[in-house]
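Peer 1: Model the structure of this input:
(one chain, ligands or ions: 2)
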Amino acid sequence: HTMYANRYHQIKKLGRGSFGTAFLVHDTKSKHEKKVLKEIYVGDTSPNESSDAEHEATILSRLRHPNIVRFYDSFIDGSNFCIVTEYCEDGDLDQYLKSLRKQRSRLQMDQVIDLFLQLLSAIDFLHSKKILHRDIKTSNIFLKRNHIKLGDFGISRLMMNTMDKASTFIGTPFYMSPETLRYDGYNMKSDIWSLGCVLYELSVCKRAFERSNLVQTMEAILRESPPPLPDRFPAKVQLLYLQMLSKDPDKRLGAAELLEEFGQIEIKPNPK
Ligand code: ADP
Ligand code: MG
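Peer 2: Ligands and ions are numbered 1, 2, ... in the order given. Below is the predicted model:
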């Protein structure tokens, strides 16, 4: 169908992701503003479970930060749980870095640090409110006029309330921390690991732990040392990066500390 909740009119499909399908919609109750609606199949949910999800959604909709994709609305529509968020028309970082790589180009170091600081600021904000992101990856990071917008936070938590656990996650493994792969529990430092992976990707337009298949990727995450950043990065950045990708979560700095450390790094605009 093309209309949701008597309000959101479907324009086109944006793509399929780990949780469901994303559509571009018009919000007919808000000046026909363009928004994104994610449709997540949940089958039959009991009223109790859906009210948990509603409670989570209320928390998410109150969060405001310049580097976080706004969460507007959520509701059940038949067998689907729908989430309405801000639309980021300039696309995601995964697409952007892939296109740079195709052109054999890279971001300049000052751009890398600038984008990374914005990401850290978003994560620091979430962590200070005791919210884990759980799915940090370049396809969940959007660009909007030189600004970073982190999206899809809390969705996995929302989903834990609505879906059966087994089908909760079929995402990409590239950004998963060793402890997550070992089912050792997810915590704030697991988000930091994923951030380390994103820092590498920003720097070289290539994933840190991409291998030819799933098993090799997991082995690399569990056992191999992270690939170093390019030499042009200051020793301080290298050190912080390696700490973020420490196999031991306790050795990774928290978002607030990282924000502080990265904020102090002075980088002159430089050739690539
Ligand atoms: P995933 O994050 O696993 O790739 P999603 O369902 O979140 O899957 O997104 C599917 C597609 O829709 C992606 O290509 C993504 O770039 C796009 N998309 C998702 N959310 C937004 C948004 N808020 N603004 C613009 N494009 C989006
Ligand atoms: Mg996504």
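Peer 1: Tell me which stretches of this protein form strands.
Peer 2: Per DSSP state E, the chain carries strands over the ranges 3-4, 8-16, 21-27, 33-41, 71-77, 80-86, 141-144, 147-150.
Peer 1: Mind listing the strands the shortest one pairs with, and their directions?
Peer 2: Going back to what we said before, that points to strand 3-4. Based on DSSP bridges, the pairing partners of strand 3-4 within the sheet are strand 8-16 (antiparallel).
Peer 1: Say whether ligand 2 is contacted by the partner strand.
Peer 2: No. Strand 8-16 stays clear of ligand 2 (C-beta under 5 Å from the ion), getting no nearer than 8.8 Å. For glycine as for every other residue, the C-beta is placed from the backbone atoms N, C-alpha and C.
Peer 1: distance of the nearest residue to residue 43 once chain neighbours are set aside from ligand 1?
Peer 2: The shortest distance from residue 43 to any residue that is not its chain neighbour, by C-beta to C-beta, 6 or more residues apart in numbering, is 5.4 Å, and that residue is residue 79. Distance, residue 79 to ligand 1, using C-beta to the nearest ligand atom, to the nearest Å: 17 Å.
Peer 1: Helix or strand with the lowest mean pLDDT in this protein?
Peer 2: Least confident element among the helices and strands of the chain, by mean pLDDT, DSSP states H and E: helix 155-162 (a mean of 59).
Peer 1: that older thread, any chance of JSON lines for the strands of the chain, columns distance to residue 54, mean pLDDT and mean neighbour count?
Peer 2: Formatted as JSON lines, the entries for those read as follows, by distance: least, C-beta to C-beta, whole Å; pLDDT from 0 to 100; neighbours: other C-beta atoms under 10 Å:
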{"stretch": "strand 3-4", "distance to residue 54": "16", "mean pLDDT": "94", "mean neighbour count": "16"}
{"stretch": "strand 8-16", "distance to residue 54": "17", "mean pLDDT": "94", "mean neighbour count": "14"}
{"stretch": "strand 21-27", "distance to residue 54": "19", "mean pLDDT": "96", "mean neighbour count": "19"}
{"stretch": "strand 33-41", "distance to residue 54": "14", "mean pLDDT": "92", "mean neighbour count": "19"}
{"stretch": "strand 71-77", "distance to residue 54": "7", "mean pLDDT": "89", "mean neighbour count": "19"}
{"stretch": "strand 80-86", "distance to residue 54": "10", "mean pLDDT": "91", "mean neighbour count": "23"}
{"stretch": "strand 141-144", "distance to residue 54": "26", "mean pLDDT": "93", "mean neighbour count": "22"}
{"stretch": "strand 147-150", "distance to residue 54": "23", "mean pLDDT": "95", "mean neighbour count": "20"}
